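# Take this sequence and fold it.
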Amino acid sequence: ASAINHAIERGQIALLPQTLIEFVFVIFRKKFDRYFEAYRQRLELIETIRKNIVFVTPVEQIVACRDPKDNMLLELAVAAKALCIVTGDHDLQILDPFGNIRIVSPTEFIELF
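The predicted model follows:
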């Protein structure tokens, strides 16, 4: 949540509609319980993101990862002219940098940006 608030303070969050939907499903996974004291906090975070995102449509097809969802995030970042992709996904992190786009963990994002 702190990386998301940091991103909102620094600029915009670009997403695809399907990445927002995936985020909603992922944030309710058991492994994220340690970050949230209450169910309500997850809902508040989703609402904060919803109010502060811009949807971007990729124009270029990229095949750099074995996972098509990861390629989709690269396409999104290129189309959005993003400075970085913030992710905990190791398959994406090993591509850092992808052109001029940094691929960083949430902790690195807060430290670097």
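# For the spatially most central residue of the chain, give me phi and psi.
In the chain, the centroid-proximal residue (CA atoms, centre = their mean) is V86; its distance is 5.0 Å. The phi and psi torsions at V86 (degrees, to the nearest 10) take the values phi -100, psi 120.
# what do you get for R29?
Residue torsions, per degrees, to the nearest 10, at R29 are phi -70, psi 150.
# any idea how far it is from N71?
Distance, R29 to N71, by CB to CB, to the nearest Å: 22 Å. All C-beta atoms are positioned from the backbone trio N, CA, C, and that covers glycine.
# still on that earlier bit, quick one, grab the pLDDT at the residue nearest to the centre of the chain.
On the pLDDT scale, V86 is placed at 95.
# Burial check on the residue nearest to it when sequence neighbours are not counted, number of neighbours?
Of all residues not flanking V86 in the chain, F109 sits nearest, at 4.6 Å (CB to CB, 6 or more residues apart in numbering). Neighbourhood size, F109 [other CB atoms under 10 Å]: 21.
# Okay then, goodbye and thanks.
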